[in-house]
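*Asks:* what would the 3D arrangement of this be:
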Amino acid sequence: MSAAEAGGVFHRARGRTLDAFSSEKEREWKGPFYFIQGADPQFGLMKAWATGDCDNGGDEWEQEIRLAEQAVQAINKLNPKPKFFVLCGDLVHAMPGVKAVFSGHYHRNAGGTYRNLDMVVSSAIGCQLGTDTHGLRVVVVTAEKITHRYYSLDELSEKGIEDDLMDLLKEN
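*Replies:* Got it, this is the predicted structure:
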């Protein structure tokens, strides 16, 4: 399965909601719980590693998708269910043509450019250590460019994604 074909595999989860984190339910300690942490699905690395060309490759994700689906199925079978699942580390093996790297952990918006590679740091949903508001970054990827914008949670909830970004999605 190619990277391009992989998009449809995970779209089945769209539209699902989780009520477990409503503020009223989670405000007080209710006793022990557990969560699941996964790391480095790094879609594309298995082929690159197998061929001995880790600087290139990354164009086939079939093995990693199968393993990610196996991980989700294993988690879904657990009883009791975990409180949440967090996925850390490298999500995708860097393929030639990578133009931007997105990260967090700095708790404020920041970034820079080095040798035509943009480093974009998004502020936190939670605790702010700068002047940014609690929010999320919307990233639109087209064949020509990567466009991103940080939205406060209120702004994204009330107004949604702005028209100029939505228009980029229609350009095919």
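*Asks:* which helices and strands does the helix or strand hosting Q70 pack with?
*Replies:* Using DSSP states H and E, Q70 sits in helix 62-77. Applying 3 or more CB pairs under 8 Å, 6 or more residues apart in numbering; DSSP states H and E, we find helix 62-77 packed against helix 45-51. Every C-beta, even on glycine, is put in place using the N, C-alpha and C of the backbone.
*Asks:* and the helix it packs on, which residues are buried?
*Replies:* L45, M46, K47, A48 (16 or more other CB atoms under 10 Å).
*Asks:* what of stretch 137-151?
*Replies:* R137, V138, V140, H148, Y150, Y151.
*Asks:* so what's the third one up against?
*Replies:* By CB atoms under 8 Å, 6 or more residues apart in numbering, the residues touching V140 are I146, T147, H148, L165, L168, L169.
*Asks:* what helices or strands is the one helix or strand the fifth one maps to leaning on?
*Replies:* Take DSSP H and E as the rule and L168 turns out to sit in helix 163-169. Taking 3+ CB pairs under 8 Å, 6+ apart as the contact definition, the neighbouring helices and strands of helix 163-169 are strand 135-141, strand 146-152.
*Asks:* dump those strands to TSV, plus mean pLDDT and distance to H105.
*Replies:* What follows is these, written out as TSV (pLDDT from 0 to 100; distance: least, CB to CB, whole Å):
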stretch	mean pLDDT	distance to H105
strand 135-141	91	13
strand 146-152	93	15
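*Asks:* okay, those strands in JSON lines with distance to V101 next?
*Replies:* Formatted as JSON lines, the helices and strands packed on helix 163-169 follow (distance: least, CB to CB, whole Å):
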{"stretch": "strand 135-141", "distance to V101": "11"}
{"stretch": "strand 146-152", "distance to V101": "10"}
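*Asks:* F84 - nearest residue in space that isn't next to it in sequence?
*Replies:* Using CB to CB, 6 or more residues apart in numbering and skipping the chain neighbours, the partner closest in space to F84 is F35 (4.9 Å).
*Asks:* now swap in K47 and tell me
*Replies:* E60 (4.6 Å).
*Asks:* tell me the contacts of the residue nearest to F84?
*Replies:* P82, K83, F84, F85, V86 are the contacts of F35 under CB under 8 Å, 6+ apart.
*Asks:* outline the domain layout of the chain.
*Replies:* Domain segmentation of the chain under the TED database yields 35-97, 99-171.
*Asks:* lowest average confidence across the ones you listed, which one?
*Replies:* For the domains of the chain, mean pLDDT drops lowest on domain 35-97, to a mean of 82.
*Asks:* how many neighbours does W29 have?
*Replies:* 7 (other CB atoms under 10 Å).
*Asks:* mind putting the domains of the chain in JSON lines, distance to E26 included?
*Replies:* Listed next are the domains of the chain as JSON lines, based on distance: least, CB to CB, whole Å:
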{"stretch": "domain 35-97", "distance to E26": "9"}
{"stretch": "domain 99-171", "distance to E26": "13"}
